[in-house]
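Engineer: Sharing a sequence plus its predicted fold:
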Amino acid sequence: MIEIHNIHKSFGDAPILKGVTCTFETGKCNLVLGGSGTGKSVLLKCIVGLLKPDIGSITFDGTVFTNNKIEIRQEIRKQIGMLFQASALFDSMNVFENVEFPLRMLTPDMSRAERRDRVEFCLKRVGLEAAGNKMPSELSGGMKKRVGIARAIAPNCTYLFCDEPNSGLDPLTSIKIDELIYEITHEYNITTVIITHDMNSVVEIGDHIVYLHKGQKLWDGTKDEILNAQVPELKEFIFSSSLVRAAKRIEMEGGSLEEIRQEPSKDI
Ligand SMILES: Nc1ncnc2c1ncn2[C@@H]1O[C@H](COP(=O)(O)OP(=O)(O)OP(=O)(O)O)[C@@H](O)[C@H]1O
């Protein structure tokens, strides 16, 4: 579990995070939801140590991260896997080498054969066992995300942070990537934190959702609770999403999204 307590962060005289307190649960997909500019990425950077909060504390499974000794912070960092928004693969390395990279950095004692086994295992887990020799330029957006996920979990991460994993993907590929992150989280009991403003992800994989608005946490709960949340800003956010607008329109016309999903596709 990751515990965030009273985090404040300002840039100059602009306050961005204004006392955020929340927890991210073990073995669950924890979503940080909110509109543009609400401080989601700043919060994520504070948690992984890329930014230093002005006030507040962050604890990983009982060990304080903020302002702790460098060795303790480094130990926690080694347990963190990151999936970046644009995948951030190394263009000069093939898929195998990209996934192997964190193992070379973090586990220098691992033999070459052990590294190869681990990379092959991770590539298989994300469905890319045949892509090891490909270069990033030869991959689709969805495949790049899969490589990013394999690279993040290669060192057996305890915590996985995903910054807008669906950005730049079509809706079907987005669902597949969400499902993969969800399965991996539950399979390996990882504490996963996903930054998103995608309501599709909320309804598909939102085990625990933290809603941020203007640098403050206004609500948290599960995907089953969110539609009944009595927070005006969150309601406005939910009902402005294209998914919910489409469902409302279909309902007004006497149908349901689930019925449409079940219909066999028609030849055109
Ligand atoms: N290093 C920085 N220096 C100054 N201002 C910053 C810095 N990083 C972020 N900000 C500001 O903090 C605010 C919140 O940014 P953040 O990137 O966290 O938003 P977000 O909620 O992730 O939005 P989006 O969904 O659009 O990515 C923005 O106004 C941004 O300009």
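Structural biologist: It's in. Values in this document were obtained by computation on a predicted structure and should not be read as measured data.
Engineer: going forward, measure contacts between C-alpha atoms and count neighbours the same way
Structural biologist: Will do.
Engineer: pLDDT averaged over the helix or strand encompassing residue 122, what's the number?
Structural biologist: Using DSSP states H and E, residue 122 maps to helix 112-125. For helix 112-125, mean pLDDT is 94.
Engineer: helices or strands next to it in the packing?
Structural biologist: helix 95-106, helix 141-153 (3 or more CA pairs under 8 Å, 6 or more residues apart in numbering; DSSP states H and E).
Engineer: Take these and lay them out in TSV including mean pLDDT and mean neighbour count.
Structural biologist: Below are the helices and strands packed on helix 112-125 laid out as TSV (pLDDT from 0 to 100; neighbours: other CA atoms under 10 Å):
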stretch	mean pLDDT	mean neighbour count
helix 95-106	94	20
helix 141-153	93	24
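Engineer: Of those, which is nearest the ligand?
Structural biologist: helix 141-153 (17.8 Å; CA to the nearest ligand atom).
Engineer: circling back to that earlier point, which residues belonging to the helix holding residue 122 are considered buried?
Structural biologist: Using 16 or more other CA atoms under 10 Å as the test for burial, helix 112-125 gives 115, 116, 118, 119, 120, 121, 122, 123.
Engineer: Who are the contact partners of the last one?
Structural biologist: The one in question is residue 123. Applying CA atoms under 8 Å, 6 or more residues apart in numbering to residue 123 gives the contacts 129, 132, 147, 150.
Engineer: Export these to CSV and append columns for distance to the ligand.
Structural biologist: Putting the contacts of residue 123 into CSV (distance: CA to the nearest ligand atom, whole Å) gives the following:
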residue, distance to the ligand
129, 32
132, 31
147, 22
150, 24
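Engineer: Out of those residues, which is nearest to residue 172?
Structural biologist: The nearest member of the contacts of residue 123 to residue 172, counting by CA to CA, is residue 147 at 17.8 Å.
Engineer: close enough to count as contact, that closest one and residue 101?
Structural biologist: No - with contact defined as CA atoms under 8 Å, residue 147 does not reach residue 101; the gap is 11.8 Å.
Engineer: which helix is the longest one in this protein?
Structural biologist: helix 171-188 (DSSP state H).
Engineer: With only the CA atoms kept, save it in CSV.
Structural biologist: Extracted in CSV, the C-alpha atoms of helix 171-188 (Å, rounded to 0.1, in the frame of the first residue of the first chain):
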residue,chain,number,x,y,z
PRO,A,171,-10.6,2.4,-28.3
LEU,A,172,-10.2,-1.3,-28.8
THR,A,173,-6.4,-1.3,-28.3
SER,A,174,-7.0,0.9,-25.2
ILE,A,175,-9.3,-1.7,-23.7
LYS,A,176,-6.7,-4.5,-24.4
ILE,A,177,-3.9,-2.5,-22.7
ASP,A,178,-6.2,-1.8,-19.8
GLU,A,179,-7.0,-5.5,-19.5
LEU,A,180,-3.4,-6.4,-19.6
ILE,A,181,-2.5,-3.9,-16.8
TYR,A,182,-5.4,-5.2,-14.8
GLU,A,183,-4.5,-8.9,-15.2
ILE,A,184,-0.8,-8.3,-14.4
THR,A,185,-1.7,-6.2,-11.3
HIS,A,186,-3.9,-8.9,-9.9
GLU,A,187,-1.7,-11.8,-11.0
TYR,A,188,1.5,-10.5,-9.3
